[in-house]
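Chemist: Need coordinates for the below:
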Amino acid sequence: MEQTSEDNHDLNEQLTKEAELFVDTWFDESKPLQEDDAELHPSVRDEVQQLKELKSQLQQEITELKAHKEQLLLNQVREAQENLGRMIEEGTKELRERKTALRIEIEKLERRQERLNQEMRSNFAGSSKELAIRVQGFKEYLVGSLQDLASAADKLELVRTGEPAPRSRERIRDLEEPRRESREGREGRDRDRTRNRDRNPRSNEPARTGTRTGQGNRSAQAQFSEPTFADQSRRIRQLLDKYCNSPDYYGSPWQLRRTFDQSQAKKVQDWFFSQGGRGAIDSTGSRLQNILIASATISILHDLYRDRTQVLVLTDTPENLGEWRKGLEDCLGISRPDFGTNRGVVLFDSPDILVQRAERLLADKLLPVIIIDETEEQLNLSVLKFPIWLAFASSNKSRSANYLY
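Modeler: You can find the predicted model right below:
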């Protein structure tokens with residue numbers, strides 16, 4: 001036990017000596033290190049100083065970059081605002097220009113509407129002095145010529161001579177039999193009428209329809225003079241007054257469905273009472289206005305004679321025929337089934353075919369109502385023998401596109 005204690009004591013002493021020897025050696029070696037640190041300190045200090053300067057430069061550059069960035073952002077924002085303002089100004093300017101153009105266009109349309117309304121009032125009221133002056137001379141010439149022609153036709157004995165043309169031979173074949181049967185009686189009546197005229201010159205003014213039709217059926221010949229047919233005259237005046245003052249826009253078919261002017265009613269009234277339902281009237285210068293006048297005439301005749309009337313319209317071109325079809329449909333409330341060979345209205349572009357059709361209707365104891373468009377410059381003499389015909393006399397004034405108001 002004692003031996004062990006001694007050994008431990010020796011070991012501790014040895015360790016203590018070794019520790020002291022290590023410390024002494026370390027202190028001896030640290031002296032040159034301190035000397036080296038003293039020699040390197042100025043260079044480190046310079047490097048540190050350079051690093052500080054570099055840091056300051058970098059911080060200054062960062063500050064400048066930040067300021068430059070902010071300036072760029074401000075410039076971009078300002079430029080964007082300027083561009084946006086410019087775009088808004090351009091868009092506003094374009095809208096102003098469009099607004100100005102639209103206002104000018106509206107003013108033009110308003111002036112055009114006012115001009116059209118003025119023309120409508122002028123045409124409807126018949127107050128156009130210039131138009132009246134232009135058509136007056138032609139009216140006097142046409143009325144005088146037609147009166148002379150009617151007087152000459154009254155004195156003619158309408159006896160068919162010669163062979164009919166090949167084109168019309170088939171169309172009138174079915175008319176030959178009734179004509180042959182009534183020819184002797186007709187010739188006898190014509191001779192008696194001629195002798196009566198020679199004895200009394202005033203008898204040259206009888207109703208024209210009896211001589212011109214050459215038919216024995218007087219029930220199909222219309223006379224509208226007031227002393228002879230007071231009831232019909234009264235009914236005609238009532239209908240004209242109704243068309244002018246109380247138009248029925250939703251009436252039954254064959255009734256006038258449009259507004260009728262007093263000047264137009266005056267034309268129809270003169271045609272019925274002064275011309276006996278046979279003659280020409282001045283054209284209004286508008287085909288659709290002429291169709292309106294013809295529609296009023298057709299409506300009155302249909303009211304008087306019902307289904308016995310058949311309207312025969314004569315014009316020169318298919319385009320005009322289409323206008324007449326559309327105008328009659330609008331004014332009378334009729335439809336496509338009312339147009340056809342055996343229907344209420346038949347459209348023709350040849351006067352010869354129209355005459356043949358009218359003769360056939362008279363043979364069937366029906367009443368043909370012949371309407372002649374203003375484009376027909378020459379009136380076919382064969383039309384004068386029928387009981388009812390209405391021709392529109394056109395002036396030399398050039399016609400423009402026509403509208404129904």
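
Chemist: Quick one: mean pLDDT over the host helix or strand of residue 238.
Modeler: Using DSSP states H and E, residue 238 maps to helix 230-245. Helix 230-245 comes out with an average pLDDT of 89.

Chemist: What residues sit buried inside it?
Modeler: 232-233, 236, 239-240, 243-244 (16 or more other CB atoms under 10 Å). C-beta here means a position set from N, CA and C on the backbone, and glycine is covered the same way.

Chemist: May I see those organised as JSON lines, with distance to residue 152 added?
Modeler: Listed next are these as JSON lines, based on distance: CB to CB, whole Å:
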{"residue": "232", "distance to residue 152": "28"}
{"residue": "233", "distance to residue 152": "29"}
{"residue": "236", "distance to residue 152": "29"}
{"residue": "239", "distance to residue 152": "34"}
{"residue": "240", "distance to residue 152": "32"}
{"residue": "243", "distance to residue 152": "36"}
{"residue": "244", "distance to residue 152": "37"}
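
Chemist: Just name the closest of those to residue 294, please.
Modeler: If you rank the buried residues of helix 230-245 by distance to residue 294 using CB to CB, residue 243 comes first, at 13.0 Å.

Chemist: For the closest one, which non-adjacent residue is closest in space?
Modeler: residue 260 (3.8 Å; CB to CB, 6 or more residues apart in numbering).

Chemist: The one you found is in contact with residue 241, isn't it?
Modeler: No. Between residue 260 and residue 241 there is no contact under CB atoms under 8 Å: 9.8 Å.

Chemist: quick one, helices of this protein?
Modeler: With helices called from DSSP state H, the chain shows them at 2-125, 129-154, 166-169, 176-199, 209-213, 230-245, 262-273, 287-305, 318-332, 351-363.

Chemist: rank these by pLDDT, which is bottom?
Modeler: Averaging pLDDT over each of these puts helix 209-213 lowest, since it has a mean of 38.

Chemist: picking up where we left off before, the residue nearest to residue 243: how many residues sit nearby?
Modeler: Look at residue 260: counted by other CB atoms under 10 Å, it has 24 neighbours.

Chemist: Got phi/psi on it?
Modeler: Dihedral angles of residue 260 (phi, psi; degrees, to the nearest 10) stand at phi -120, psi 130.

Chemist: so who does it touch?
Modeler: 240, 243-244, 247, 292, 296 (CB atoms under 8 Å, 6 or more residues apart in numbering).

Chemist: Which pair of those residues spans the longest distance?
Modeler: Farthest pair in the contacts of residue 260, by CB to CB: 240 and 292, 13.1 Å.

Chemist: Which of the contacts of residue 260 lies at the shortest distance from residue 394?
Modeler: Scanning these for proximity to residue 394, where the rule is CB to CB, the winner is residue 292, at 16.3 Å.

Chemist: and the closest one, how many residues sit next to it?
Modeler: When neighbours are counted by other CB under 10 Å, residue 292 comes out with 26.

Chemist: Next: the one 5 residues further on.
Modeler: By the other CB under 10 Å criterion, the neighbourhood of residue 297 contains 23 residues.

Chemist: ok, residue 243 to residue 285 distance?
Modeler: 21 Å (CB to CB, to the nearest Å).

Chemist: what does residue 234 give?
Modeler: Distance from residue 234 to residue 285, by CB to CB: 32 Å.

Chemist: How about residue 239?
Modeler: 25 Å.

Chemist: How about residue 92?
Modeler: 49 Å.

Chemist: go on, residue 50?
Modeler: 108 Å.

Chemist: so what's residue 323 closest to, chain neighbours aside?
Modeler: residue 287 (5.8 Å).

Chemist: Quick one: neighbours of that neighbour, just the number.
Modeler: 23.

Chemist: what does residue 154 give?
Modeler: Every residue meeting other CB under 10 Å relative to residue 154 is counted, giving 18.

Chemist: likewise residue 380?
Modeler: 15.

Chemist: What of residue 269?
Modeler: 16.

Chemist: ok, it touching residue 240?
Modeler: Yes. In this structure, residue 269 is within contact of residue 240 by CB under 8 Å, at 6.0 Å.

Chemist: what is in contact with those two at once?
Modeler: Common neighbours of residue 269 and residue 240 (CB under 8 Å, 6+ apart) do not exist.

Chemist: just to revisit the earlier point, what angle separates the helix holding residue 238 from helix 262-273?
Modeler: Helix 230-245 and helix 262-273 are oriented at 170 degrees to each other (axes from the mean of the first three to the mean of the last three CA atoms, to 10 degrees).

Chemist: which other helices and strands contact helix 230-245?
Modeler: Where contact means 3 or more CB pairs under 8 Å, 6 or more residues apart in numbering; DSSP states H and E, helix 230-245 is packed against helix 262-273, helix 287-305.

Chemist: and the first one with helix 287-305, angle?
Modeler: Helix 262-273 and helix 287-305 meet at an angle of 50 degrees, taking the same axes, to 10 degrees as the criterion.
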